[in-house]
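Asks: this is the structure alone, sequence omitted:
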C-alpha cells in the first residue's frame, strides 16, 4: 500500500511540474509576442513620421535630394520587411533606415534656417523620442527572447517544449558589423 502512495505522489508531482512548465512557456511566449508587438508599433510610428519629416526638409535641402530619396526607399523596404515578420530581414532594413535618418540629422545641422524651424524641431524631437522607444522595445523583446529560449532549451524542459512544438525566437540584432564599431570622435 505504501508503494502505491509513493508512486501516486511521484505521478502527481510530475503532472504538476508539467503543468507549471507548460504555463511558464505559454506566459513567456505571450510576453515575447507582446515585445514584438511593441517593436512593431514603434516602427509603424517611425514609418508614419518619416513622410512628414521629409516634406518639412524638402524645400530647404535641395542639395540633399539623394539622401531624401534613399530614406524614402529604405522606409519602403523596412515596411515590406515588417509585413513579412522575418526578424533578420526587418533588423537589417530598420538598421539601414536608422543609419540614413542619422545622416539626415547631420545634414539638418548644416541648414540653420531649417534647424530654427519650429515644425522641423518638433518632428526631430518626435523622431528622437521614437528612436528611444524603439531601442527600449528591442531591449524588452530581446530579454523576453532570452528568457523564453533559456527556459525552452534547459533540461528537462526541452523534452516537454519540443514535444509541444515550441520553437525558439530570433533576437533583434544589428546585422551591420560597422554599426558595432566604436565611433571615432575627432576634434
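Replies: All right, it came through fine. It should be emphasised that the depicted structure is a prediction, and the values quoted were computed from it without experimental measurement. Numbering: from 1, shown residues only.
Asks: CA atoms for contacts and neighbours, from now on please.
Replies: Noted.
Asks: so where do the helices sit in the protein?
Replies: 2-58, 65-84, 87-109, 112-116, 118-153, 157-163 (DSSP state H).
Asks: compare the mean pLDDT across those and name the weakest.
Replies: Per-stretch mean pLDDT for these is lowest at helix 112-116 (a mean of 69).
Asks: state the distance from the closest residue to residue 68 other than its chain neighbours to residue 125.
Replies: In this structure, residue 68 finds its nearest non-sequential neighbour in residue 54, 6.8 Å apart by C-alpha to C-alpha, 6 or more residues apart in numbering. Distance of residue 54 to residue 125, computed by C-alpha to C-alpha, to the nearest Å: 14 Å.
Asks: who's more crowded, the two?
Replies: Per other C-alpha atoms under 10 Å, whichever of residue 54 and residue 125 has more neighbours is residue 54, with 18 against 12.
Asks: the more buried one and residue 69 touch, don't they?
Replies: No: using C-alpha atoms under 8 Å, residue 54 is not in contact with residue 69, being 9.4 Å away.
Asks: before we move on, back to that, same list, the helices of the chain, but as a markdown table with distance to residue 171 please.
Replies: A markdown table is the format used below for the helices of the chain (distance: least, C-alpha to C-alpha, whole Å):
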| stretch | distance to residue 171 |
| --- | --- |
| helix 2-58 | 10 |
| helix 65-84 | 15 |
| helix 87-109 | 7 |
| helix 112-116 | 36 |
| helix 118-153 | 6 |
| helix 157-163 | 19 |
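Asks: closest one to residue 169 among these?
Replies: helix 118-153 (5.9 Å; C-alpha to C-alpha).
Asks: how about that closest one: buried residues?
Replies: Neighbour-count burial for helix 118-153, counted by 16 or more other C-alpha atoms under 10 Å, picks out 120, 123-124, 126-128, 130-131, 133-134, 136-149, 151-153.
Asks: I am finished for the moment; much appreciated.
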